[in-house]
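Colleague: Can you look at this prediction? I've put the sequence above it.
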Amino acid sequence: MLYYDHQHQGIHVAIWHVTESYEELLGMLPDADSVCNEAETKFRSKSRITEWTAVRVLLYTMLERQVKIEYTESGAPYFPSYEGMYISISHTKEYVAVALSDKHKVGIDIEIIEKQKSEGNTRVERVSSKFMNENEHVNSMIGILLAWSAKESVYKLQNDNHLDFKNDLIVESFDESNKEGSFNVIDRINKSYNITYKVFDDFVFTLTSKES
């Protein structure tokens, strides 16, 4: 079901909560056969097929028409039939997200919030040293997750497979207690990317953009 739908400054962002079965999702598309054939050719995992189909349903909901998505060699999505329309896609457990714009290149990411156990750190806290460096001062689990997500959004925007999250991207300090807001990420050539973020009950969301 459609979970979140927002348009601001030429960017349309929507998030789908995948509560439907694969068959139910196919039933929401006007040309289900083409999606079914492509999905089942690309993937073997039923969960991956369902997730992939949910992205197409969300895109159909946003555009009110069914369009084909292709991917570059680096894995970045694009519309072969709609030059000038930019797209970014993300998915996490039970959720998929899409950002669209005809004015801006976009990078979007969502990350599931791991439930805090009584003892021990969450996975993102345990691996934080792999993507954060000594110049970044983020303290909470949500803050660390937002930092990771923000770097993913910048990576998708830049479409650079050689980007080193730990050494090439610096997250500037922000108020980690806020449920939504913005902060900056600085890259290796000192270029700044403004990150818009929102903390939902089950996941965090980040978005960045630049004029095309």
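Modeller: Cool, got the structure.

Colleague: Could you give the bridge partners of residue 170?
Modeller: Under DSSP bridges, the beta-bridge partners of residue 170 are residue 186.

Colleague: ok, now which ones touch it?
Modeller: By CB atoms under 8 Å, 6 or more residues apart in numbering, residue 170 lies in contact with 133, 135-136, 185-187. In short, each C-beta sits where N, CA and C put it, glycine included.

Colleague: let's see 7 Å
Modeller: 135-136, 185-186 (CB atoms under 7 Å, 6 or more residues apart in numbering).

Colleague: so where's this protein shaky on pLDDT?
Modeller: Low-confidence segments of the chain (pLDDT under 70): 117-120.

Colleague: hmm, try it at 80
Modeller: Residue ranges of the chain with pLDDT under 80: 82-83, 116-120, 212.

Colleague: Could you give the bridge partners of the spatially most central residue of the chain?
Modeller: Centroid-nearest residue in the chain, with CA atoms, centre = their mean: residue 109, separated by 2.2 Å. Note on residue 109: beta-bridge partners residue 206, judged by DSSP bridges.

Colleague: gap between it and residue 31?
Modeller: For residue 109, the distance to residue 31 equals 29 Å [CB to CB, to the nearest Å].

Colleague: where do the strands sit along the protein?
Modeller: Counting by DSSP state E, the chain has strands at residues 2-8, 11-17, 70-71, 77-78, 86-92, 95-101, 104-112, 169-171, 180-187, 192-199, 203-211.

Colleague: rewinding a little: farthest pair in the contacts of residue 170?
Modeller: Spatial extent of these (CB to CB) is set by the pair 135 and 185 at 12.0 Å.

Colleague: Can you pick out the residue with more neighbours from these two?
Modeller: More crowded of residue 135 and residue 185, by other CB atoms under 10 Å: residue 185, with 21 against 10.

Colleague: these two touch, right, the more buried one and residue 169?
Modeller: Yes. Between residue 185 and residue 169 there is a contact under CB atoms under 7 Å: 5.5 Å.

Colleague: quick one: contacts for the closest residue to residue 202 other than its chain neighbours?
Modeller: Nearest residue to residue 202, sequence neighbours excluded (CB to CB, 6 or more residues apart in numbering): residue 113, at 5.9 Å. Contacts of residue 113 were listed using CB under 7 Å, 6+ apart, and they are 145, 202-204.

Colleague: Where do the domain boundaries of the chain fall?
Modeller: According to automatic domain parsing, the chain comprises the domains 2-102, 110-211.

Colleague: And the first one, end to end?
Modeller: To tie it back to what came earlier, the one meant is domain 2-102. One end of domain 2-102 sits 22 Å from the other (CA to CA, to the nearest Å).

Colleague: picking up where we left off before, surely the residue nearest to the centre of the chain meets residue 90?
Modeller: Yes. Under the criterion of CB under 7 Å, residue 109 makes contact with residue 90 at 4.7 Å.

Colleague: Residue 178 and residue 115: what is the separation?
Modeller: From residue 178 across to residue 115, the span is 21 Å (CB to CB).

Colleague: which of the two has more neighbours?
Modeller: Neighbours were counted for residue 178 and for residue 115 using other CB under 10 Å; residue 178 has more, 13 against 7.

Colleague: do you know how far the more buried one is from residue 155?
Modeller: From residue 178 over to residue 155 the distance is 24 Å, taken as CB to CB.
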